[in-house]
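Asker: fold the following, please.
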Amino acid sequence: ILNMNTNVSISFDDQLVIANLQLLQKKLTYTVLILLLLIGNIGFILNTRIFHRPCLNGSSSSRYFLASSFANAFLLIMGLFSHILDADFSIQPLHYVSILCKLRDYLTNIGGFLSQSYLLLACIDRYLISANESN
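Answerer: Reported below is the predicted structural model:
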């Protein structure tokens, strides 16, 4: 049985190491999340340009890929951008109204689900087209 009333003394050097590790964690999180947001938006722009080409515009699977790209962009904006505002800049616009916080979580989950669903539909579409051509 663990006694919950034990006092743990942490030396000054340990406190300094802990503070430095927390600062490093915050800086890494800030850098990595901003980098992911930038790379994700560049990928969204490139996907949109590619799948809007006239040679791919008539294909139904390219429309599924384009819809998946839009769902991922929505996921980036709703999930990652609001997390960056909250964690790195201490701006919490969605925390003051509980319905907006719940709506953000719901829409983030829906965005991920839609992205995967569109990719699955594109795979099914390609399979059905190739199965139809081989008969």
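Asker: any idea which helix or strand in this structure has the lowest mean pLDDT?
Answerer: helix 82-87 (a mean of 76; mean pLDDT, DSSP states H and E).
Asker: by contact count, what packs against it?
Answerer: helix 12-51 (3 or more CB pairs under 8 Å, 6 or more residues apart in numbering; DSSP states H and E). Quick note: C-beta positions are derived from backbone N, CA and C, even for glycine.
Asker: now do the buried residues in the helix it packs on.
Answerer: Residues Leu33, Leu37, Gly40, Phe44, Asn47, Phe51 are the ones in helix 12-51 that count as buried (16 or more other CB atoms under 10 Å).
Asker: what do you get for stretch 99-107?
Answerer: Arg104.
Asker: three-state assignment of Leu76?
Answerer: helix (DSSP: H, G, I helix; E, B strand; the rest coil).
Asker: which residues are in contact with the spatially most central residue of the chain?
Answerer: In the chain, the C-alpha nearest the mean C-alpha coordinate belongs to Leu76, at 4.6 Å (CA atoms, centre = their mean). Listed by CB atoms under 8 Å, 6 or more residues apart in numbering, the contact set of Leu76 reads Leu37, Gly40, Asn41, Phe44.
Asker: check Gly79 too.
Answerer: Arg104, Thr108, Gly111.
Asker: please redo it, this time with the cut-off set to 6 Å
Answerer: Thr108 (CB atoms under 6 Å, 6 or more residues apart in numbering).
Asker: if I look at it, how far off is Tyr96?
Answerer: Here Gly79 is placed at a distance of 19 Å from Tyr96 (CB to CB, to the nearest Å).
Asker: dump the buried residues of helix 12-51 to TSV, plus distance to Asn20 and pLDDT.
Answerer: Output for the buried residues of helix 12-51, formatted as TSV (distance: CB to CB, whole Å; pLDDT from 0 to 100):
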residue	distance to Asn20	pLDDT
Leu33	20	85
Leu37	26	88
Gly40	30	90
Phe44	36	92
Asn47	40	91
Phe51	46	87
